[in-house]
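Engineer: predicted model follows, preceded by the sequence.
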Amino acid sequence: MAGTRYRAPQAPSTALITRPGFDRLHAELDDLWRVRRPEVVTALAAAAAEGDRSENAEYSYRKRQLGEIDRRVRYLTKRLESLRVVDEPPRDLSAIFFGAWIVLENVDDGRELRARIVGPDETDARLGCISIDSPLARSALKRRVDDEFVAQLPGGPARFAVLAVSYSGPADNL
């Protein structure tokens, strides 16, 4: 369908989250509701008091800002209700599951990848947190140290070997 705006609906994301991830989202909601929203409402009221709203850039900006905050508050409120916090490690600590800290080796080029498998709401590439919904994490699930697997990545298939799995956090030996 070239030239159309149609996009197939996305698959629903996994509703798992770690305790620190849940706490961060809850803190963001609290900050939006108790701090940022009241500040914007006050600034919006001051801008509205200046008179003609049709040519009032400050009023338009604050109105848009309030809408963005309200959208994020609605999203976070619904999302936090639907999330399941995973506090406990799995029974089998030698296999890769949600919450695992892993070290993988790209078999093709020898580079190491250190990552933690987390929920989609707490994914952060800078911190090495990859979503359980990502192709790499999906391919790594249930693998153990010395297992090799192929992940279908956006750049094409890549082969990985599992070097380490931990549930107690990133250690120097990982």
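Structural biologist: That came in fine, so what should we check first? Residues are numbered from 1 along each chain as shown.
Engineer: below-threshold pLDDT in this structure: ranges please.
Structural biologist: Counting by pLDDT under 70, the chain has low-confidence residues at 1-4, 8-11, 171-174.
Engineer: do a quick rundown of the helices in it.
Structural biologist: All helices of the chain, identified by DSSP state H, fall at 19-31, 37-48, 57-82, 135-140.
Engineer: buried deepest among the ones you listed, which one?
Structural biologist: Here the criterion is mean neighbour count by mean count of other CB atoms under 10 Å, and of these the winner is helix 135-140, at a mean of 19. Using the backbone N, CA and C atoms, a C-beta is placed for each residue, glycine as well.
Engineer: just the CA trace of it, in PDB.
Structural biologist: C-alpha atoms of helix 135-140 as PDB (Å, rounded to 0.1, in the frame of the first residue of the first chain):
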ATOM      1  CA  PRO A 135      14.600 -10.200  18.900                       C
ATOM      2  CA  LEU A 136      17.900 -10.700  20.800                       C
ATOM      3  CA  ALA A 137      16.200 -11.300  24.100                       C
ATOM      4  CA  ARG A 138      13.600 -13.600  22.600                       C
ATOM      5  CA  SER A 139      16.300 -15.700  21.000                       C
ATOM      6  CA  ALA A 140      18.400 -15.800  24.200                       C
END
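Engineer: neighbouring contacts of it?
Structural biologist: 96, 102, 104, 115, 117, 130-132, 149-154, 160, 162 (CB atoms under 8 Å, 6 or more residues apart in numbering).
Engineer: now, among these, which is nearest to L141?
Structural biologist: Of all those, L141 sits closest to I96, with 5.7 Å by CB to CB.
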